[in-house]
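> structure for this input, please:
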Amino acid sequence: MSTQITLTLPDETYRRAVHLAHLTGRDIADVLADTIDISLQPFGSEFTTGRPIAELSDAQVLVATNTRMEPKQDQRFSELLDKQQATQLTSDERSELMVLMQVYQEGLLRKAQALNEAVQRGLREPLEP
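Take a look at the predicted model:
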């Protein structure tokens with residue numbers, strides 16, 4: 001199944017995609033679709049295929065309330081954020097930071113959902129306001 005969309009790309013991104021399509025003898029739409037797919041693969045396993053929090057056992061919900069980024073990812077995320085603040089990120093590092101930001105945000109959302117579920121089930125006290 002596929003979904004058709006229309007998007008606006010920066011001129012330089014478009015030129016690079018056209019160049020890659022020409023080099024590989026492929027249609028630009030296929031090059032862009034594959035590039036997007038490859039870029040989003042790091043998000044595909046843990047969070048998008050995980051069971052909904054409401055379907056987890058009490059023990060699994062409690063574990064999910066304490067989840068964190070992998071230490072290596074967290075360290076790299078911090079390094080890239082520091083470099084971003086100093087305006088020293090390369091293009092590749094910007095892409096890496098975007099991926100890690102997405103991992104962080106999805107993890108934070110899942111943790112918040114787990115905390116909510118734990119409170120609803122009476123497994124944890126509500127957080128203080």
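
> care to break the chain down by domain?
According to the domain assignment given by automatic domain parsing, the chain is divided into the following structural domains: 10-43, 51-122.

> what does the helix or strand of the chain with the lowest mean pLDDT rub up against?
The element with the least model confidence among the helices and strands of the chain, by mean pLDDT, DSSP states H and E, is helix 28-40, at a mean of 83. With Cβ atoms under 8 Å, 6 or more residues apart in numbering as the test, helix 28-40 has contacts from 17, 18, 20, 21, 24, 95, 99. Quick note: C-beta positions are derived from backbone N, CA and C, even for glycine.

> and the buried ones among the residues you listed, selectable in ChimeraX?
When burial is assessed using 16 or more other Cβ atoms under 10 Å, the buried subset of the contacts of helix 28-40 is captured in ChimeraX by this command:
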select :17,21,99
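
> need the contacts of helix 28-40 in TSV (columns: secondary structure and pLDDT).
Supplementary listing: the contacts of helix 28-40 in TSV, determined by DSSP: H, G, I helix; E, B strand; the rest coil; pLDDT from 0 to 100:
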residue	secondary structure	pLDDT
17	helix	91
18	helix	93
20	helix	86
21	helix	87
24	helix	84
95	helix	83
99	helix	83
